[in-house]
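**Student:** based on what follows, work out the 3D shape:
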Amino acid sequence: MMSEKYTVARFTKDKMHFEILVKPNKALDYRNEKLSGISQVLATDTIFTDANKGTKASEEQMRTVFETTDSLIIADLILKNGTLQLTTEQRRKMIDDKRKQIIDFISRQAVDPKTKLPHPPLRIENAMEQIRYSIDPYKSVEEQAREVIKLLRPILPLKIEQISVQVTIPVQYAAKAYGSIKNFGVIKKEEWRGDGSWFGIIEMPAGVYISFLNKLGNITKGTGETKIIN
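**Tutor:** Residues are numbered from 1 along each chain as shown. Alright, predicted model coming up:
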């Protein structure tokens, strides 16, 4: 039933099955909240129990599961809560994007236990090719990254390690630097001192520490102070 013009979104509850026909790219945008207006997404506003056979859902079936017979409301629920069948191109792009996100996560979160430094993304990517990990476009980045790390360890030593960093930022750079560095981890303690400078302790993945130092150094022109305290 799937083509480049339309595809199927499915939803099952209490052993009752419903399907709608949707425009592939617009349906994916709608699920990702990049598009509003369900009517733009639908190839037809008919609710099916089997779109391939053209079998329509009865009003009783719709009312039992969705408590309404309004096809637009039902289509919205199916698309947001059901399964969207992807085109070949959509699936390829989603998998490629997810792979990049997983590699970035591992590079930022994990380090080589011996050097305490992160592995370059290209090294992680090459190692992933060896283990032939099958990426799920729907599964979360963090969940898959942790699975990949376990599989990579025999060929690439990896460890997810958190460090606490004590930071002091001079007054002239404090406001600007604060907005940037807080994105590197969790601020466990902070203090705006009487002279306007900022002092804090940030817990962050060991893999982002070098990037953190570079960012802080650029903003403070090398005047920011840091110290790893664990």
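
**Student:** contacts, neighbours, all on C-alpha from now
**Tutor:** Fine.

**Student:** ok, then the element right after the helix or strand of the chain with the lowest mean pLDDT?
**Tutor:** In the chain, no helix or strand scores lower on mean pLDDT, DSSP states H and E than strand 159-160, which sits at a mean of 83. Note on strand 159-160: by DSSP states H and E, the next helix or strand toward the C-terminus is strand 162-169.

**Student:** how about the nearest residue to residue 6 once chain neighbours are set aside, phi and psi?
**Tutor:** The shortest distance from residue 6 to any non-neighbouring residue, by CA to CA, 6 or more residues apart in numbering, is to residue 23 (4.4 Å). Main-chain dihedrals, residue 23, degrees, to the nearest 10: phi -80, psi 120.

**Student:** ok, now which ones touch residue 23?
**Tutor:** Counting by CA atoms under 8 Å, 6 or more residues apart in numbering, residue 23 touches 5, 6, 7, 41, 42, 43.

**Student:** got the confidence number for it?
**Tutor:** Looking at residue 23, its pLDDT stands at 93.

**Student:** do the same with residue 47
**Tutor:** pLDDT, residue 47: 97.

**Student:** how near is it to residue 61?
**Tutor:** 10 Å (CA to CA, to the nearest Å).

**Student:** the two: which has the busier surroundings?
**Tutor:** The residue with more neighbours, out of residue 47 and residue 61, is residue 47; 25 against 16, by other CA atoms under 10 Å.

**Student:** helix, strand, or coil at residue 202?
**Tutor:** Using DSSP: H, G, I helix; E, B strand; the rest coil, the three-state assignment for residue 202 comes out as strand.

**Student:** check the contacts of residue 23 for burial and list the buried ones.
**Tutor:** By neighbour count, with 16 or more other CA atoms under 10 Å, the contacts of residue 23 hold 6, 7, 41, 42, 43 as buried.

**Student:** quick one, phi psi at the residue positioned nearest the centre of the chain?
**Tutor:** In the chain, the centroid-proximal residue (CA atoms, centre = their mean) is residue 141; its distance is 5.4 Å. Here is the backbone geometry of residue 141 (degrees, to the nearest 10): phi -60, psi -50.

**Student:** show me what contacts it?
**Tutor:** 98, 101, 102, 105.

**Student:** same question for residue 18.
**Tutor:** Counted by CA under 8 Å, 6+ apart, residue 18 has contacts 10, 11, 12, 47, 48, 49, 50, 57, 78.

**Student:** do residue 176 as well
**Tutor:** residue 219.

**Student:** relative to residue 198, how far out is it?
**Tutor:** 11 Å.

**Student:** leaving out chain neighbours, which residue sits closest to residue 136?
**Tutor:** residue 95 (6.9 Å).

**Student:** ok, residues contacting the helix or strand hosting that neighbour?
**Tutor:** Under the criterion of DSSP H and E, residue 95 resides in helix 88-109. For helix 88-109, the external contacting residues (CA under 8 Å, 6+ apart) are 25, 118-121, 124-125, 135-137, 141-142, 144-145, 149, 160-161, 205-208.

**Student:** just the angle for it relative to strand 162-169, thanks.
**Tutor:** Going by axes from the mean of the first three to the mean of the last three CA atoms, to 10 degrees, helix 88-109 is angled at 70 degrees with respect to strand 162-169.

**Student:** quick one: average confidence on helix 88-109?
**Tutor:** 91.

**Student:** how far out from the middle of the chain is that helix?
**Tutor:** 9 Å (CA atoms, centre = their mean, to the nearest Å).

**Student:** any idea how far residue 157 is from residue 127?
**Tutor:** 11 Å.
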